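Engineer: Everything below, folded, please.
(2 chains)
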There are 2 protein chains.
Amino acid sequence: MEGLKAILVICDGMADRPVPALGNRTPLEAANNVNMSTLALRGECGLMDPIAPGIRAGSDTSHLAILGFDPFTTYTGRGPFEAAGIGMDVKQGDVAFRCNFSTVDDNMVILDRRAGRIETGTDQLAATVNGMQIEDVTVYFKESVAHRGALVLRGPGLGADISDVDPHEVGQKIHVAHAIDPNDAASAKTARIVNEFVRRSYEALKDHPVNKAREAEGKMAANIILPRGGGVAPSLGSFEEKYHLKPAAVVETGLIAGIACYLGMDIIEVPGATGGLDSDIAAMGNAIIKALDDHNFVLCNIKGGDIGGHDGDAQAKVTFIENIDRVIGMLMDKIDEQTYIVLTADHATPVAIKDHSGDPVPIAIYGPGVRVDSVQSFDERSVVGGGLLRIRGIDVMNILTNLMNVQEKFGA
Amino acid sequence: MEGLKAILVICDGMADRPVPALGNRTPLEAANNVNMSTLALRGECGLMDPIAPGIRAGSDTSHLAILGFDPFTTYTGRGPFEAAGIGMDVKQGDVAFRCNFSTVDDNMVILDRRAGRIETGTDQLAATVNGMQIEDVTVYFKESVAHRGALVLRGPGLGADISDVDPHEVGQKIHVAHAIDPNDAASAKTARIVNEFVRRSYEALKDHPVNKAREAEGKMAANIILPRGGGVAPSLGSFEEKYHLKPAAVVETGLIAGIACYLGMDIIEVPGATGGLDSDIAAMGNAIIKALDDHNFVLCNIKGGDIGGHDGDAQAKVTFIENIDRVIGMLMDKIDEQTYIVLTADHATPVAIKDHSGDPVPIAIYGPGVRVDSVQSFDERSVVGGGLLRIRGIDVMNILTNLMNVQEKFGA
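Structural biologist: Take a look at the predicted model:
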């Protein structure tokens, strides 16, 4: 496209805390990330609280915030984004869940939460439960990768604040869902529908030919579907309409693809982008550059740093950051002078914690007109001296659309 | 206790502005506070706005904010915390006041606002007015130190936005309370109850044997009770449930003890902790260390710096800061490596103003995993280069519970 364009590179879980094994440096400080630092040197830097200082963000709530949607008012659970991410039609007010195909015995006791990690045939299983009617609610179900799937409930007066049916442990009987708040009639209705759906899924699946065949081969039957992580689908509208930008997404995980899809972004599939430490992120970089031909905003989420953090593997994180750094270098080489790059993380995943933390993350904005500051390295502590000082995720799109001159003036 | 622990040291009114008599240094800058500066050197620092930039905080609103409760939505007056601080049972929706025993003549003209600073017998006086019924409201009254006490009104439809009955001046007749907003029926009801309580307190106390004895000795009779500072008791819930931390409080003033008590913290009494410039704050330090045996969060408020500020006495403030500094050194010596210290102030009390101001205050966080920054001194201007940049009081517990890894993740 002509005109100003932007690439928003969100490195999942890349930020960290000082790591003793790295000489009390963070992985970003320890990594040879010369291209990121060049971007910082030529750009404007600061700290970003994805949600607010100290708040431990999920990847979903953080991406919502960075894309300009307040998660405190829009987010009730990941279900709607998971469902959208596998191409289901999710409408405002629907209640959606992520699901597992599982294996239970006749007494509803869990034998395997992942149905022997079933790989094939779930499309046929899904077809038998998709579209059923329970009370005045229509039930949509679609399979995803392996034992996974998503459930969408569409009907009047549904809530999402229900207890879990999945006991999360083999040998336990599945739970009966109930509303967390006994006075919450909408969630009580949803709990009733979910319990009935679970019961009917067992009836529909237990003697299904796919499962008969699996049992004949000594495999676990995928004989029940267990929903979890329910959320009410929020009204977010279209990213394109909100920002007057034509957006694409080059992302790795279903959850982030779901958010992008939910916001109407074009999802660019990249072969080899696995979401793992072995992901072909150079191919993602090429896909970003190509996407700029007919989009002026590209969201990119690169997952690997988060995995290093969750694994508590500082060296893997350093190595992956250096891989990302090469992609940043390539992007800087290939973009024209009308293109912004925003480089940040969606949260910290400290190797010492092996989970997300609420520490602020570094952010750098590179492109025409930014107030270049004195920061010379891209890491958690070097950016403290930067011109952005300390911002929040929710500020990012306003800062970017201001630079891109597509934001309407507030007032006269 | 095992695991991560934290000490939150709030030095009342410690922050200040540059003082000409100190060579345009603040008391913190002028003081020899080497231990605080060691903590800053090994920790992460920044500026904190207790409420928001420029807002002049009270100690109560600031402590509420720092403990994670938005004072704009939870605070209507100090009465509920004063009442809780002397052990009264305050329930959500009660309206509570701090009170003085005062002396009036037959025409309700104030002879002494503090009833000759009465020291004894107020328990007997309180008993005669405690538990009375006015309309459908039950009235609880309890004596506190010297001429002070607290009043709790419990009944339906009470507000707290009423004018003062205390004229705050000898020789003036006591005022009739009324609702500030004539359309505020709830506060109008409270004003009616308060006026009746004041009238009845005079009837009950004027001929009370305690007062007859005082008059016989030529002392002022404590013949009326004047409420002020009324507030509706907010629903704050339990600190322990909110943060999954077991809290204790080592504090000096009734107001802060009241807030701690209201939040369900264990109050640790420290003999010699007077709240004055002569307070045995070393004993408070020892009590903090002891409290960590069976708590993993200790709130500490040290009052003296605020007194130096209110007195306009820069040298007294410098000297008291040096006293606090010795306590900080002792804490750092005695804690284990799993314990955080957060050092800050609840507001500035500039000696030039002799009252609270809305200037930001310095904050330092010391403990495992913090991103140690380049700040080497603990004072208002040295912390500006620190990694926290500028935060608000309401952020502190989120930042701390993130470090202590007791915060639930928001999202997936």
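
Engineer: What score does the closest residue to chain B within chain A have for pLDDT?
Structural biologist: Closest residue of chain A to chain B, Cβ to the nearest Cβ: A:Gly58 (2.3 Å). Bear in mind the C-beta positions are built from the backbone N, C-alpha and C, glycine included. The pLDDT attached to A:Gly58 in the predicted structure is 97.

Engineer: Near chain B, which residues of chain A are found?
Structural biologist: A:17-18, A:24, A:26, A:47, A:51-62, A:71, A:75, A:78, A:229, A:255, A:350, A:352-353, A:355-359, A:380-381, A:384-385, A:389-390 (Cβ under 8 Å from any Cβ of the partner chain).

Engineer: among those, which ones are buried?
Structural biologist: The neighbour count (16 or more other Cβ atoms under 10 Å in any protein chain shown) marks A:17-18, A:26, A:47, A:51-62, A:71, A:75, A:78, A:229, A:255, A:350, A:352-353, A:355-359, A:380-381, A:384-385, A:390 as buried among the residues of chain A next to chain B.

Engineer: burial count for the closest residue to A:Thr253 other than its chain neighbours?
Structural biologist: Once flanking residues are discounted, A:Thr253 sits nearest to A:Gly275: 5.2 Å by Cβ to Cβ, 6 or more residues apart in numbering or on different chains. Look at A:Gly275: counted by other Cβ atoms under 10 Å in any protein chain shown, it has 18 neighbours.

Engineer: give the contact list for A:Gly275.
Structural biologist: A:Glu252, A:Thr253, A:Lys303, A:Gly304 (Cβ atoms under 8 Å, 6 or more residues apart in numbering or on different chains).

Engineer: Quickly check these for the two that are furthest apart.
Structural biologist: Greatest spacing in those, by Cβ to Cβ: A:Thr253 and A:Gly304 (11.0 Å).

Engineer: Tell me the secondary structure at the most centrally placed residue in chain A.
Structural biologist: Nearest to the geometric centre of chain A sits A:Ile256, at 3.0 Å (Cα atoms, centre = their mean). Secondary structure for A:Ile256, judged by DSSP: H, G, I helix; E, B strand; the rest coil, is helix.

Engineer: And for A:Val342?
Structural biologist: Secondary structure state of A:Val342, per three-state DSSP, is strand.

Engineer: Which residue, other than its chain neighbours, is closest to it?
Structural biologist: Nearest residue to A:Val342 in three dimensions, chain neighbours excluded: A:Leu8, at 4.7 Å (Cβ to Cβ, 6+ apart).

Engineer: try A:Gly58
Structural biologist: Distances taken as Cβ to Cβ, 6+ apart put B:Gly411 closest to A:Gly58, at 2.3 Å, once the chain neighbours are dropped.

Engineer: quick one, what contacts the one you found?
Structural biologist: A:Ala57, A:Gly58, A:Ser59, A:Asp60, A:Thr61, A:Ser62, A:Pro71, A:Tyr75, A:Arg78.

Engineer: Let me know the helix or strand that the fourth one is in.
Structural biologist: Secondary structure assigned from DSSP states H and E places A:Asp60 in helix A:59-66.

Engineer: If you average the pLDDT over the next helix or strand after that helix, what comes out?
Structural biologist: Moving toward the C-terminus from helix A:59-66, the next helix or strand (DSSP H and E) is helix A:71-74. Helix A:71-74 shows a mean pLDDT of 95.

Engineer: One more: stretch A:336-351?
Structural biologist: Stretch A:336-351 comes out at a mean pLDDT of 98.

Engineer: and the end-to-end length of that stretch?
Structural biologist: Stretch A:336-351 has an end-to-end distance of 36 Å (Cα to Cα, to the nearest Å).

Engineer: next one: stretch A:39-59
Structural biologist: Taking Cα to Cα, stretch A:39-59 runs 24 Å from one end to the other.

Engineer: swap in stretch A:360-375?
Structural biologist: Start-to-end, stretch A:360-375 (Cα to Cα) is 17 Å.

Engineer: next one: stretch A:286-296
Structural biologist: End-to-end span of stretch A:286-296 (Cα to Cα): 15 Å.

Engineer: Then stretch A:200-216?
Structural biologist: Stretch A:200-216: ends 23 Å apart by Cα to Cα.

Engineer: Can you list the buried residues in that stretch?
Structural biologist: Within stretch A:200-216, the residues that count as buried by 16+ other Cβ under 10 Å are A:Arg200, A:Ser201, A:Tyr202, A:Ala204, A:Leu205, A:His208, A:Val210, A:Asn211, A:Arg214.

Engineer: ditto for stretch A:126-134
Structural biologist: In terms of neighbour count (16+ other Cβ under 10 Å), stretch A:126-134 has its buried residues at A:Ala126, A:Thr128, A:Val129, A:Asn130, A:Met132, A:Ile134.

Engineer: Make CSV out of those and add pLDDT.
Structural biologist: CSV is the format used below for the buried residues of stretch A:126-134 (pLDDT from 0 to 100):
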residue, pLDDT
A:Ala126, 97
A:Thr128, 96
A:Val129, 96
A:Asn130, 97
A:Met132, 96
A:Ile134, 97
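
Engineer: Just the ones in strands from those residues, please.
Structural biologist: Per DSSP state E, strands hold the following members of the buried residues of stretch A:126-134: A:Met132, A:Ile134.

Engineer: Can you show me the helices along chain A?
Structural biologist: Using DSSP state H, the helices of chain A run over residues A:27-30, A:34-41, A:59-66, A:71-74, A:79-85, A:122-129, A:185-205, A:209-216, A:239-243, A:254-262, A:281-291, A:304-310, A:314-334, A:396-403.

Engineer: Just tell me which of those helices ends up closest to B:Ala83.
Structural biologist: Nearest of these (Cβ to Cβ): helix A:71-74, 32.9 Å.

Engineer: Give the other helices and strands that that closest one contacts.
Structural biologist: Counting contacts by 3 or more Cβ pairs under 8 Å, 6 or more residues apart in numbering or on different chains; DSSP states H and E, helix A:71-74 packs against helix A:59-66.

Engineer: Which other helices and strands does the helix it packs on contact?
Structural biologist: strand A:5-11, helix A:71-74, helix A:254-262.

Engineer: Show me the shaky parts of the stretch 301-412 of chain A.
Structural biologist: For the stretch 301-412 of chain A, no stretch is flagged by pLDDT under 70.

Engineer: Could you say which one of the helices and strands packed on helix A:59-66 comes nearest to A:Ser102?
Structural biologist: helix A:254-262 (18.9 Å).

Engineer: how far away is the closest residue to A:Ile321 other than its chain neighbours from B:Ala65?
Structural biologist: Take A:Ile321 and drop its neighbours on the chain: the residue closest to it by Cβ to Cβ, 6+ apart is A:Ala31, 4.1 Å away. Going from A:Ala31 to B:Ala65 by Cβ to Cβ, to the nearest Å gives 38 Å.

Engineer: neighbour count winner among those two?
Structural biologist: Comparing A:Ala31 with B:Ala65 by other Cβ under 10 Å, the one with more neighbours is B:Ala65, at 28 against 25.

Engineer: Show the model's pLDDT score for the more buried one.
Structural biologist: At B:Ala65, the model reports a pLDDT of 98.

Engineer: quick check: domain ranges of chain A?
Structural biologist: Domain segmentation of chain A under automatic domain parsing yields A:5-75+A:236-403, A:82-231.

Engineer: Pick the most deeply packed of these.
Structural biologist: Ranked by mean neighbour count, those are led by domain A:5-75+A:236-403 with a mean of 22 (mean count of other Cβ atoms under 10 Å in any protein chain shown).
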